[in-house]
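Colleague: Quick one: sequence plus predicted model below, questions after.
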Amino acid sequence: MTQLALVIDLNVCVGCHACVTNCKQWNTSGSAGPLLDANPYEADPTGTFFNRVQTFEVGTYPNTQTVHFPKSCLHCEDPPCVPVCPTGASYKRKEDGIVLVDYDKCIGCKYCAWACPYGVREFDEQRKVMTKCTLCVDRIYDEALPESERKPACVLACPAGARIFGDVHDPESEASVAISDNGGYALMPECGTQPANHYLPRRKTALKIQNEQLYRSANPLKVEGTAPLPPSSEDFAT
Amino acid sequence: MRPAFSIIFLTTLTGAGQGLFLLLYATEMLHAAVTPGFYIGGSLLVLGLSALGLLASFFHLGHPSRSWRAMTMWRTSWLSREVIVLMGFLGMVLLYLLAHWSGLGLTAVLGGMASVLALGLFVCTGMVYVAIKVMKEWVSPLTVANFFLMGCASGATLASAYALVGAPDLVPHFIEVALIATLLALLGRSAALIRNARLKPTTTLQSAIGIRHPRIVQKAQGAMGGSFNTREFFHGKSDAFIRAIKPAFITLAFVVPLALLAAGLSRPWLLPLVFVLQYLGLLAERWFFFAEANHPQNLYYQIIS
């Protein structure tokens, strides 16, 4: 069974909000209608976003780390938002595990948003329905797009490459490999929701230099036994 | 949570209606000497309260015209079950009323079915909140018990006031029931308050973002202005207000009605006032019920929470 998901690398995210803006751009232009964008230039701007980036500071000065934390629907394997929906508007697709809202069935009771511990569902005050990340379901299967662009808008926008899209049930996929290689984890595991989206933790990026990189054993001069002479000072004289 | 007045009115109004109906039916089963008019008037009151509650609930919806769809997912959703049982309760009370009005009989059967639905509706209403596993304040059998007890308390208080008109002989009996129900509701609600005061959150900021460090400070919430997350999940009142409303609703919904109901044995004109005061107290109680629930998503909005 396929379970599409995002893997977000907190070690790479620079908090530029490009994923947020590209997500809004793509999803506000879709066939489901625009996402609310109220008072954009007034004192109290508000609107519907499927993806937000928050910033946390971890530790005590001077030993602090600034962690940028993108948050969108985690497409849980056991989504608490789905069984509580009284109309069946909230559902999880069997074929790829994406959790979606049928905007034509939603009565806007907000009960699903209460059931979700992550606060990733946003009620659209204009359309009066619950909205959420669709994992760009209207993009990833679009054969009119070149294959390299059949990815969620946020993944395409990320300039740092902090977002990986893939099938987390396929152990060979880039997403699964990233999770297993880098200690990927799920949010709020105690809630039992089994989020499909994973986060890669902050880790030390040590520069690993192998001896072969400094001393090429395959250097042809070395092989021929005629080591190059060290440069004399005259070589640099002008 | 931000308390929604539509839901506050729905649960308090239908709760009083259900309580009143259970008492009406119990009166009939005990073969009290009253006219059918007493049951007809009482059923009209029950229908009026429940219909008002149902009407209030529509204001909660983004698309009220699609609300019929809410009856489709009864297999998984307690909210769906609540809608179905509420409609069934309204219909059965209407049949019960018609049976009394037409003198056809069958009132024992129809009233019994309506009573089962009334009890079922208390369970459904409570389970709507118990089913939200992330809301630790609600996940307790006390939630269901208290919806039942508080509905019975306000229903019985209303019954005693209503009996002044239709069946004055029954007033002392209804007052006794109202006293017992209000006392039990006070105990149940106090137990829930004590339980919730001792709750330890299982979800922390550390597990919410997956960083095991004791000191994490939020620097940005992802939006400069407000969002659905900052509006829906915070009550927005000061700590002083929250501290004040707890003793206020306990006094108004339980303590004052207990005293006035006892006084009502000799001064029956107090009874309508008791119902109004208790109802206002229950509105405050329901407000607090929602405001008290601390949603784990608030961890992502530290600057507000």
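Modeller: Arrived safely.

Colleague: residue in chain A nearest to chain B?
Modeller: residue A:108 (2.0 Å; CB to the nearest CB). (Each C-beta comes from the backbone N, C-alpha and C, glycine too.)

Colleague: which SS class is that residue?
Modeller: Recorded secondary structure, residue A:108: coil (DSSP: H, G, I helix; E, B strand; the rest coil).

Colleague: How about the closest residue to chain A within chain B, nearest residue that isn't a chain neighbour?
Modeller: Minimum separation of chain B from chain A (CB to the nearest CB) falls at residue B:62, amounting to 2.0 Å. Distances taken as CB to CB, 6 or more residues apart in numbering or on different chains place residue A:108 nearest to residue B:62, at 2.0 Å, with adjacent residues excluded.

Colleague: show me what contacts that neighbour?
Modeller: Listed by CB atoms under 8 Å, 6 or more residues apart in numbering or on different chains, the contact set of residue A:108 reads A:123, A:128-130, B:61-63.

Colleague: Show me the shaky parts of chain A.
Modeller: In the predicted model, chain A carries pLDDT under 70 at residues A:211-213, A:215-224, A:226-238.

Colleague: What ranges does it have for its helices?
Modeller: With helices called from DSSP state H, chain A shows them at A:18-28, A:81-84, A:111-115, A:137-140, A:153-157, A:174-182, A:211-214, A:220-224.

Colleague: Residue B:118 is in contact with residue B:15, correct?
Modeller: No - between residue B:15 and residue B:118 there is no contact under CB atoms under 8 Å: 9.8 Å.

Colleague: Count the neighbours of residue 37 for me.
Modeller: In the absence of a named chain, this looks at chain A. By the criterion of other CB atoms under 10 Å in any protein chain shown, residue A:37 has 14 neighbours.

Colleague: was after chain B, sorry
Modeller: Residues near residue B:37, counting by other CB under 10 Å, number 13.

Colleague: A helix includes it, no?
Modeller: Yes - membership of residue B:37 in a helix is supported by three-state DSSP.

Colleague: pretty sure it is in contact with residue B:166, am I right?
Modeller: Yes - counting by CB under 8 Å, residue B:37 does reach residue B:166; the two are 6.6 Å apart.

Colleague: The residue of chain A closest to chain B and residue B:66, how far apart?
Modeller: 8 Å (CB to CB, to the nearest Å).

Colleague: now do residue B:10
Modeller: Here the criterion is CB to CB. By it, residue B:10 lies 18 Å from residue B:66.

Colleague: again with residue A:142
Modeller: For residue A:142, the distance to residue B:66 equals 29 Å [CB to CB].

Colleague: Those two - which one has more neighbours?
Modeller: A count of neighbours by other CB under 10 Å puts residue B:66 above the other of residue A:142 and residue B:66, at 18 against 12.

Colleague: what's residue A:201 sitting at in phi/psi?
Modeller: Reported as degrees, to the nearest 10, the phi and psi values for residue A:201 are phi -70, psi 170.

Colleague: Excluding sequence neighbours, find me the nearest residue to residue 64.
Modeller: Assuming you mean chain A. Leaving aside its chain neighbours, residue A:64 sits nearest to residue A:57 (5.4 Å; criterion: CB to CB, 6+ apart).

Colleague: should've been chain B
Modeller: Residue B:64's closest residue in space is residue B:58 (CB to CB, 6+ apart), at 4.4 Å.

Colleague: Nice, that's everything, thank you.
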